[in-house]
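> Predicted model, plus sequence, below.
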Protein chains: 4
Amino acid sequence: MFFAGKIMKMKSKKVAIIGASGYSGEELVRLLLNHPHVELVAVTSRQNAGQTLARVFPKFASHPKSKALHFTEPNAERLAKQADVVFLALPHGVAAEYAVPLLDAGCLVIDLSADFRLKSAEIYKEFYAHDHPAPELLKKSVYGLPEIYRAEIKKALLVASPGCYPTGILLPVIPLLKAGLIKSAGIIADSLSGVSGAGRKAEADYLFCECNESVRPYGVPKHRHLSEIEEQLSLAAGVKVTIQFTPHLIPANRGILTTLYLAPTEKAVDAEKFSACYQKAYGNEPFVRLLDGKNLPDTKNVNGTNVIEIAWRLDPRTGRLIVMSAEDNLVKGASGQAVQSLNLLCGFPETAGLV
Amino acid sequence: MFFAGKIMKMKSKKVAIIGASGYSGEELVRLLLNHPHVELVAVTSRQNAGQTLARVFPKFASHPKSKALHFTEPNAERLAKQADVVFLALPHGVAAEYAVPLLDAGCLVIDLSADFRLKSAEIYKEFYAHDHPAPELLKKSVYGLPEIYRAEIKKALLVASPGCYPTGILLPVIPLLKAGLIKSAGIIADSLSGVSGAGRKAEADYLFCECNESVRPYGVPKHRHLSEIEEQLSLAAGVKVTIQFTPHLIPANRGILTTLYLAPTEKAVDAEKFSACYQKAYGNEPFVRLLDGKNLPDTKNVNGTNVIEIAWRLDPRTGRLIVMSAEDNLVKGASGQAVQSLNLLCGFPETAGLV
Amino acid sequence: MFFAGKIMKMKSKKVAIIGASGYSGEELVRLLLNHPHVELVAVTSRQNAGQTLARVFPKFASHPKSKALHFTEPNAERLAKQADVVFLALPHGVAAEYAVPLLDAGCLVIDLSADFRLKSAEIYKEFYAHDHPAPELLKKSVYGLPEIYRAEIKKALLVASPGCYPTGILLPVIPLLKAGLIKSAGIIADSLSGVSGAGRKAEADYLFCECNESVRPYGVPKHRHLSEIEEQLSLAAGVKVTIQFTPHLIPANRGILTTLYLAPTEKAVDAEKFSACYQKAYGNEPFVRLLDGKNLPDTKNVNGTNVIEIAWRLDPRTGRLIVMSAEDNLVKGASGQAVQSLNLLCGFPETAGLV
Amino acid sequence: MFFAGKIMKMKSKKVAIIGASGYSGEELVRLLLNHPHVELVAVTSRQNAGQTLARVFPKFASHPKSKALHFTEPNAERLAKQADVVFLALPHGVAAEYAVPLLDAGCLVIDLSADFRLKSAEIYKEFYAHDHPAPELLKKSVYGLPEIYRAEIKKALLVASPGCYPTGILLPVIPLLKAGLIKSAGIIADSLSGVSGAGRKAEADYLFCECNESVRPYGVPKHRHLSEIEEQLSLAAGVKVTIQFTPHLIPANRGILTTLYLAPTEKAVDAEKFSACYQKAYGNEPFVRLLDGKNLPDTKNVNGTNVIEIAWRLDPRTGRLIVMSAEDNLVKGASGQAVQSLNLLCGFPETAGLV
């Protein structure tokens, strides 16, 4: 918390969050309040406009800024004057409305919604059931998965930060596809998510008593996140990839555990190939933890951090490769990853504010 | 609930439970204390010997019998004199020791362990890492899945009641295999279990703080339950079946949710075929609930009951069939199913004591 | 469980539930569907009108009646023709609207709301902030705490079934006050409630992520339930009683644990006096479990049952009496207790449908 | 995380943790790994000796030190050579064995056990049922509650860091007692603790299924923590104080919520007096959050932080003062508070490593 001398000479950036009252927004507030190179200058929320951060989120009330910073109505013009970088933590379809004027005004934009994650406006329409509000931006946006698109993010003006499920699937699968170690057909992803993934919506389905002592699949068989997952996997594989994806809701606040069922190719002559592939892809990544020995991923070991855990087992009985990942859906699956992109965009150390 | 007149003339049976202090044992106690045609005459537990039911399980203390019935040391000879039917809720390897003398003494035996679920002593040894203690009984035992082996159970002397994971997998898959609607190769079962499945063992892994806010796979890739699952599926398919099975531990007391990934055959010309198959197999089963409309299984809708919920979706994008089931691991997955077998064995109504 | 011969000749009653879609209503449905002397003829719910029980509550879908019984709009006139007894599981202020015409039409009414629990319309207005909608009925209603008002309930036309917190406080305290063993001044009740006590309201405060890993007091210092608690304690003490009551929300679905801090009088010469008092008051009560030995109440031992557990300790260091109770807020604290009153009203065995 | 320039010139201290495998020890590891002025040089654990931090606690595996640092057997002589400051996270009775040689060797010692919290060896024996192992140290130790004993801690050689329940009771009560605003007699503290308070003991009582959907009091009426609570309150009041204390176990990992029932004196002429007293005592404390407006403490707002929340209400109906506090039992109630003392001992900023 005492960031003195040389490091503070790094030019600090002014940042704003539009839509800071949901779970991702709240997590962004937490990370940005404590980020060494960032000044959080504005937070917006229609429902909380006029109130201080301390009032809306009592848990931040001990931070000196929490009583000075008031939620405001979202106003792109005003925010563009205040901030160098703006995070959008808004529902899909709404985020685009703000991205356009902010970019025009010269802000860097990091969008946590699904609005700019796809390259194709048609696929957007197929999965989100309305026309894309700013299709011209789809080509300019960069998919904010730093382990895959680090170079592109550094130069981006608009980062489309990935969804929580996609992160837990793409990071384990992309290196294997790129290395040709698994077949691009027949991929199955079975994911278990804590309830914060549903957002802070006052709906009966997410009441404590409806989720506690309950486990249930949902969105079977066509979940919206499939669109960005398949687009990214297709890019990695060089062919169109269609996957099977089943999300489940489990009684935990945070964390996504994904189990992937994959078919090795002939190139995958032994289990060591997979280890070597992962080591090469992620051996030096600060936020990817490759598990060795008997360890398997566990959401409790990543919750509250920007780390994704990955483990893999080749099943000699079936010949199938089982890959498992665990991440905090609100950190590596949302706000932490967005801050990782911020660090890249602004030339900060990639781990700043994240460890 | 309406056990009038004729039914009460039904001859009541004396039953005992060996190993009544674990979670399955406790659930058996609950069911048998309230069973209309059964008198619970003995409960055994090494650690609780000498104590009353009321003392060991305060929640049963309001039942008139709970203060009269004392836990005893397990003694097959004595129990054989007291009881007509004996339930074994013991660890695998131990159950067989009691089954032999009890059967010799003329008792009916319902075993909740894995000891008599397999037909092959070799496979037992492969999965359980020791010689089978009573291989001659393997041929005599009946696999206690009433929806599949109702006729055999009625005539059985020794019922091997299925495990919790097998029940949640076998009931949805067997009818499809028998009807030739799915391929026998490539079956994947991804299961999520509440913590009671681990038993009442004082191990650090199952402490509240280790399980709460945690989701984790375990036993990857070769879980012991695979042996009985594959044996039963092979019997249904008529060919040797090898499946992929991944169990996960989720922070709930009870309930198993299983998601199955299956490949339809050419016989499965449309989605209706599956519905028809399930209707034919289970349309009249009191404890199988086939979900229609948009409903998907949810453990909270079956917990505390002997019901298994099943839903299915044919994914037009992948051509795969997704089948999902939910059951209470301690009831339909253990003690309730064992009582269902008791009812068949003794000629009671199949739902007696279970609704 | 043994409802043979004579009992089945008992005339069965037709019952209806107005407001059957909340948690208390749902629990009433569960109990009444399985009650041996009752036919559930109608369930109402504005939001679910037209749908079957099976659709709204999948967990009841295996009951034969669940597909035949449709939710209807609440219509007192029609319901009065269908049912002998009507349960009102409605918000306070609304229940009274239905009670008046139903009573006029000759139905027996069991109200689970707060509308008829007080004798004084003034106190009602003080605590509920509006005029009582049917003050003339306050004198006719009987407070539905069977252990205290059994004789009155048997003859009642209108039963005001107690709230969940009041039940957990009144049953432990009333016998001590009546016996003069504790002072009527200075009573403190500290209660911990599962989240179902808040009802099935889609409010952000009761979302899973807001309740899980959270413990919080609320309604300090003047909770509405104080009015009925104090009125009943005053009746028992013969003087006006004012108590301190602090409710807390804890991350569990069900259960209320109450810790009471009481001051013994000079009559309480030793700890035995309290045991004797409780034995006399509740020694033969089927739904009160007096704990002995080292046992302390635990909500997990009463959840799903109509039992209240009570334990007490005289602290030699402070001279204070600590009394602790545990109950299921939806059963003994709501719907189970209402069914207990139904049994008394209709001349059924008091435990019918509750064990 | 980038503590450069002037601040890094602050002399860094070498610290060790004896008993680092329990929940408090693990939390100490987390805090000390990330502390800007501290080098964690040794962690001990009998059961994990030889293993790396990364192996024992996978969640720390991304920290560069986690693979270099191995657990060792506890050896006071060796540790005294390695470390300037040693934390003892050991069971009571064991901690003293290490404190004596470490102090003799010139180390500063911060003990998280109960061994040095009392001034009186007699009271220790009364509550802990064995002779104090090093009574001569009782006079030298300082009770590590920084908000009360800041000056003394700065000069201490041996800090006895308070227990979790005592912290949640003492911080709210001491200022009121010192100011004469509440009576010293009749204090009641009703506390609700998450399960981590029971430690990482493999006992059946703390298994997930025994704690989830359960709420229960325990240790009624004489809990060991009473001894240090009463000693500290007596010091604040200037007279011997005896309190009523009831701990409860609730189904959460972390957090203690305490509700205090207090009797105002005649000096407490209005509610403002209490607010003024708390403002004076804690208005500038970085880790005490005085709640205003309608806010009440909630463990979810303090979990993971070193903050204690305090709110208070004067009940006009009873004349009683209700004070409520919330803290993370493992941070402000244990390891965070111990690090706060470390900061004072070593002349670091008091909040270093804690925000």
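Yep, that arrived. Small disclaimer: the values here were computed from a predicted structure and weren't measured.

> For residue A:85, which residues are in contact?
A:13-16, A:107-110, A:342, A:345-346 (C-beta atoms under 8 Å, 6 or more residues apart in numbering or on different chains). Bear in mind the C-beta positions are built from the backbone N, C-alpha and C, glycine included.

> Quick one: buried ones out of these?
In terms of neighbour count (16 or more other C-beta atoms under 10 Å in any protein chain shown), the buried residues within these are A:13, A:15-16, A:107-110, A:342, A:345-346.

> Output those residues in JSON lines, with secondary structure appended to each entry.
What follows is the buried ones among the contacts of residue A:85, written out as JSON lines (DSSP: H, G, I helix; E, B strand; the rest coil):
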{"residue": "A:13", "secondary structure": "strand"}
{"residue": "A:15", "secondary structure": "strand"}
{"residue": "A:16", "secondary structure": "strand"}
{"residue": "A:107", "secondary structure": "coil"}
{"residue": "A:108", "secondary structure": "strand"}
{"residue": "A:109", "secondary structure": "strand"}
{"residue": "A:110", "secondary structure": "strand"}
{"residue": "A:342", "secondary structure": "helix"}
{"residue": "A:345", "secondary structure": "helix"}
{"residue": "A:346", "secondary structure": "helix"}
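
> For the helix or strand residue A:166 falls within, which helices and strands make contact with it?
In this structure, residue A:166 sits in helix A:164-178 according to DSSP states H and E. Judged by 3 or more C-beta pairs under 8 Å, 6 or more residues apart in numbering or on different chains; DSSP states H and E, the packing partners of helix A:164-178 are helix A:146-155, strand A:188-193, helix A:226-237, strand A:244-249, strand A:256-262, helix A:271-282, strand A:308-314, strand A:321-327.

> Just checking: what are the partner strands of the helix or strand just after the first one?
On the C-terminal side of helix A:146-155, the nearest following helix or strand under DSSP H and E is strand A:158-160. Partner strands and pairing direction for strand A:158-160 (DSSP bridges) are strand A:108-111 (parallel), strand A:142-143 (parallel).

> Name the surrounding residues that touch strand A:158-160.
Outside strand A:158-160, the residues that reach it (C-beta under 8 Å, 6+ apart) are A:99, A:103, A:108-111, A:114-117, A:137, A:140-144, A:153, A:338, A:341, A:345.

> excluding its backbone neighbours, what's nearest residue A:46?
Distance criterion C-beta to C-beta, 6 or more residues apart in numbering or on different chains; nearest residue to residue A:46, sequence neighbours excluded, is residue A:73 at 6.4 Å.

> Name the helix or strand for the residue of the stretch 251-355 of chain A found nearest chain C, please.
Minimum separation of the stretch 251-355 of chain A from chain C (C-beta to the nearest C-beta) falls at residue A:253, amounting to 4.9 Å. Residue A:253 is located outside every helix and strand, with elements delineated by DSSP H and E.

> Near it, how many other residues are there?
Per other C-beta atoms under 10 Å in any protein chain shown, the neighbour tally for residue A:253 reads 25.

> Contact partners for it?
Listed by C-beta under 8 Å, 6+ apart, the contact set of residue A:253 reads A:194-196, B:213, C:208-209, C:212-213.

> Can you list which of the residues you listed are found in helices?
Where those overlap with helices, as defined by DSSP state H, the overlap consists of C:208-209.

> Closest to residue B:175 out of the contacts of residue A:85?
Lowest distance from residue B:175 to the contacts of residue A:85 (C-beta to C-beta) belongs to residue A:110, with 50.3 Å.

> Tally up the residues packed near the closest residue to the closest one other than its chain neighbours, please.
Closest residue to residue A:110 apart from its sequence neighbours, by C-beta to C-beta, 6+ apart: residue A:159 at 4.6 Å. Using other C-beta under 10 Å as the criterion, residue A:159 is surrounded by 30 other residues.

> any chance of the buried ones among the contacts of residue A:85 in TSV, with pLDDT too?
As requested, those are exported to TSV (pLDDT from 0 to 100):
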residue	pLDDT
A:13	97
A:15	98
A:16	98
A:107	97
A:108	98
A:109	98
A:110	98
A:342	98
A:345	97
A:346	97
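
> Can I get those residues in CSV including distance to residue B:228?
Written out in CSV, the entries for the buried ones among the contacts of residue A:85 read as follows (distance: C-beta to C-beta, whole Å):
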residue, distance to residue B:228
A:13, 60
A:15, 57
A:16, 58
A:107, 61
A:108, 58
A:109, 55
A:110, 51
A:342, 52
A:345, 55
A:346, 57
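
> okay, the helix holding residue A:166 in CSV with CA atoms only?
What follows is helix A:164-178, C-alpha atoms only, in CSV (Å, rounded to 0.1, in the frame of the first residue of the first chain):
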residue,chain,number,x,y,z
CYS,A,164,-16.3,-16.5,-16.8
TYR,A,165,-17.2,-19.8,-18.5
PRO,A,166,-15.1,-19.0,-21.6
THR,A,167,-12.0,-18.3,-19.6
GLY,A,168,-12.2,-21.6,-17.8
ILE,A,169,-12.6,-23.4,-21.1
LEU,A,170,-10.4,-21.5,-23.5
LEU,A,171,-7.2,-21.3,-21.4
PRO,A,172,-7.0,-25.1,-21.0
VAL,A,173,-8.1,-26.0,-24.5
ILE,A,174,-6.4,-23.5,-26.8
PRO,A,175,-2.8,-24.7,-26.3
LEU,A,176,-3.8,-28.3,-27.0
LEU,A,177,-5.7,-27.3,-30.1
LYS,A,178,-2.9,-25.1,-31.4
